[in-house]
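*Asks:* mind looking at a prediction? Sequence and model below.
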Amino acid sequence: MRRSLEYCWWRSRWWMEQATRRTDAVCHVVEGVYAYAVEQSNAEQKRAICWAAQWAAVRERAKFVLNNQLSNVETQVPLPELVVELQDEDERDDDSFSDDDEEA
């Protein structure tokens, strides 16, 4: 998951770099390219933030297990079940990244 988050942040920066690359076109085309790049950058940032929030409980549990449980096998205590609710891919696409959120 860490790599997925890093990719989202890298892609966001990449889009912002693309925003200013097209300087030889007509003014309204340059503005359109800039607006599109900013929109894509924002979408990548939202995706990274959403994924980080959804996976926070799993990451905390993994840290606990790595730091405490695996260091001494003889004293391992059974961990309580971790329940993580994730949305279906289709629900996330419709809800999380809609333009309606920006207008409100």
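*Replies:* Arrived safely. Numbering: from 1, shown residues only.

*Asks:* where does this protein have its least confident helix or strand?
*Replies:* None of the helices or strands of the chain scores lower by mean pLDDT, DSSP states H and E than helix 100-103, at a mean of 50.

*Asks:* show me the shaky parts of this protein.
*Replies:* Low-confidence segments of the chain, defined by pLDDT under 70: 69-79, 82, 89-104.

*Asks:* for it, which segments count as strands?
*Replies:* Listed in chain order, the strands of the chain (DSSP state E) amount to none at all.

*Asks:* could you list the buried residues of the helix with the most length in it?
*Replies:* Determined from DSSP state H, the single longest helix within the chain is helix 27-64. By 16 or more other Cβ atoms under 10 Å, the buried positions in helix 27-64 come out as 30, 33-34, 37, 40-41, 43-48, 50-51, 54-55. Yep, even glycine has a C-beta here, placed from its N, CA and C like the rest.

*Asks:* and of those residues, the nearest to Gln87?
*Replies:* Gln87 lies nearest to Gln54 out of the buried residues of helix 27-64, by Cβ to Cβ, at 8.2 Å.

*Asks:* any idea how far the residue nearest to the closest one when sequence neighbours are not counted is from Tyr7?
*Replies:* Nearest non-adjacent residue to Gln54, counting by Cβ to Cβ, 6 or more residues apart in numbering: Leu86, 6.2 Å away. For Leu86, the distance to Tyr7 equals 19 Å [Cβ to Cβ, to the nearest Å].
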